[in-house]
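Enquirer: Quick one, fold the following:
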Amino acid sequence: MRLSSFADYAVVLISAAARHCGAARMNATTLAAETGIPLPTAQKLVSRLSGAGLLESSRGTGGGVRLSRPPAAITLADVVEAVEGPIAMTACAEMGAHDCNLERDCRIRPHMNVANNAIRQALAGVTIASLTREMA
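Expert: You can find the predicted model right below:
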């Protein structure tokens, strides 16, 4: 299992915003320049992360974005779900209808939520604050 590039970039972008926590607001252009993320992608990420309540934005002079809560209160699970939707290893781990041909007779499906929950808990155990600390 691998994060999409979009989710990976979201983690990089929000980590950059976290390094400026409490300082002046950042904008997508500044975050793109600091991280190397292409500007159109940074703009989409800022929009998604703002929509999910992880960034707060303001317009006008002195406007821009900043974290909506402390970096220690934002997890990898929060960021991934903000840009990718609910964390689900398989389609049957998601709520709603599925188009799996095996679903009717699948003996694994009832157990997939165990694995799915373990992955979500692992991601929820890593905060953005921990990703912004300098490595010794």
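Enquirer: list the buried ones in stretch 71-81?
Expert: P71, I74, T75, L76, A77, D78, V79, V80, E81 (16 or more other C-beta atoms under 10 Å). Backbone N, C-alpha and C define where each C-beta goes, glycine included.
Enquirer: nope, stretch 106-119 is what I was after
Expert: So, applying 16+ other C-beta under 10 Å, buried residues of stretch 106-119: R109, M112, N116, I119.
Enquirer: helix/strand/coil for the closest residue to T127 other than its chain neighbours?
Expert: Leaving aside its sequence neighbours, T127 sits nearest to A72 (C-beta to C-beta, 6 or more residues apart in numbering; 5.1 Å). Put simply, A72 is helix when judged by DSSP: H, G, I helix; E, B strand; the rest coil.
Enquirer: what's the pLDDT at A72?
Expert: pLDDT for A72: 95.
Enquirer: That one against V126, yeah?
Expert: No - counting by C-beta atoms under 8 Å, A72 stays clear of V126, with 11.1 Å between them.
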